[in-house]
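# Following is a predicted model, sequence given first.
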Amino acid sequence: MRQKIIAGNWKMNQTLEITHDFITELSEKINQKEKSKQIIIAPPYPFLERAVHWSKGKGIDIAAQNMHQCDKGAYTGEVSADMLYSTGVNAVILGHSERREHFGENDEILMQKVVQALENNLQVIFCTGESFEQRKTGKHFETVQTQIEKALFALQAHEIEKIVLAYEPIWAIGTGESATSGQAQEMHAYIRGNLSERYGKAGAEKIRILYGGSLKPDNAKEFLFQKDIDGGLIGGASLKVVDFLKIIESC
Ligand code: PGA
């Protein structure tokens, strides 16, 4: 039985004060049952160290939304995996479509980021997903397969187990238009099939695959009960405790 993950990607939202209040309220409201799930929030960089402090022992893990692929050096404005780990952060989101689109992150860079993150003991949430055009032209399976193969398949079996995948169709992110739960399950099964071919069935069965893209309190249940959907990566609906909590409670 794979442990469910509910992860909130705050993107460039919230303030330090809101981060404090959010963690305080959420930790008060998550009960014992919810604690069997892995709950992650990914605030912006400046709030990470405080967020780690406020969430300690409360059943909430803190993730970064990105990191640089090099370990250190002359990269003004960038943050390394080692720096994140030293603040107590234990996970990082890599390959989000917004990073691929606006910051030129390609498969090669992502492969380097994944290796850096694992070397620094960070759990990786690796995002993959197709554009609307790619889905319309039937290229969605091929697109996702290529992204995963190029960035991840050089990893050894013991390394891939530390990766959490997140299938996020780009056309469903922030649009209010989620994929159908059937489309998501179909892609998740396909991804697991690919992992199985590369790492064997037993290895593939251990890997968690999250769905992301307009996941909300009113559609979460439908997604989170699909056979190959092991949780959610949530943007908009992770910004308010009430919505995020409802999603946590629906799996
Ligand atoms: P959304 O974002 O839930 O607002 O669609 C998901 C994401 O970008 O991870």
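Ah, there it is. Residues are numbered from 1 along each chain as shown.

# who's in contact with Val124?
Val124 sits next to 91-92, 94, 114, 117-118, 162-164 when contact means Cβ atoms under 8 Å, 6 or more residues apart in numbering. In this view, the C-beta of every residue, glycine as well, is placed from N, C-alpha and C.

# Among these, which are located in helices?
Here DSSP state H is the test, and those give 114, 117-118 as lying in helices.

# Reformat those residues as TSV; add neighbour count, distance to Glu28 and pLDDT.
Formatted as TSV, the ones in helices among the contacts of Val124 follow (neighbours: other Cβ atoms under 10 Å; distance: Cβ to Cβ, whole Å; pLDDT from 0 to 100):
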residue	neighbour count	distance to Glu28	pLDDT
Val114	26	35	98
Ala117	26	31	98
Leu118	19	34	98
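
# nearest to Asn9, of those residues?
Asn9 has its nearest neighbour among the ones in helices among the contacts of Val124 in Ala117, at 15.9 Å by Cβ to Cβ.

# who are the neighbours in contact with the closest one?
Contact analysis of Ala117 by Cβ under 8 Å, 6+ apart lists 67, 81, 92, 94, 124.

# Tell me the one of those residues nearest the ligand?
Leu94 (12.2 Å; Cβ to the nearest ligand atom).

# right, and that closest one touches Thr128 too?
No: using Cβ atoms under 8 Å, Leu94 is not in contact with Thr128; the gap is 10.3 Å.

# and the chain, which of its residues are near the ligand?
9, 168, 173-174, 212-215, 233-237 (Cβ under 6 Å from any ligand atom).

# Narrow those to those that are buried.
9, 168, 173, 212-215, 233-237 (16 or more other Cβ atoms under 10 Å).

# Quick check: the two most widely separated of these?
Glu168 and Ala237 (13.7 Å).

# Most neighbours of all the contacts of Ala117, which one?
Highest neighbour count within those: Val124, with 29 neighbours (other Cβ atoms under 10 Å).

# Give the partner strands of the host helix or strand of that residue in its sheet and their orientations.
For Val124, the element it lies in under DSSP states H and E is strand 123-128. Strand pairing for strand 123-128, determined by DSSP bridges: strand 91-94 (parallel), strand 163-167 (parallel).

# Can I get the ones you listed in TSV including mean pLDDT?
Listed next are these as TSV, based on pLDDT from 0 to 100:
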stretch	mean pLDDT
strand 91-94	98
strand 163-167	98
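
# could you dump the ones you listed to a markdown table with distance to Leu245?
Shown next, in a markdown table, are those (distance: least, Cβ to Cβ, whole Å):
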| stretch | distance to Leu245 |
| --- | --- |
| strand 91-94 | 20 |
| strand 163-167 | 20 |
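
# ok now do the residue in the stretch 101-250 of the chain that the ligand sits nearest to, which residues does it touch?
Using Cβ to the nearest ligand atom, Gly235 is the residue of the stretch 101-250 of the chain that sits closest to the ligand, at 2.3 Å. For Gly235, the contacting residues are 8-11, 173-174, 212, by Cβ under 8 Å, 6+ apart.

# Strands - which of the residues you listed land there?
Those of the contacts of Gly235 mapping onto strands are 8-9, 212, per DSSP state E.
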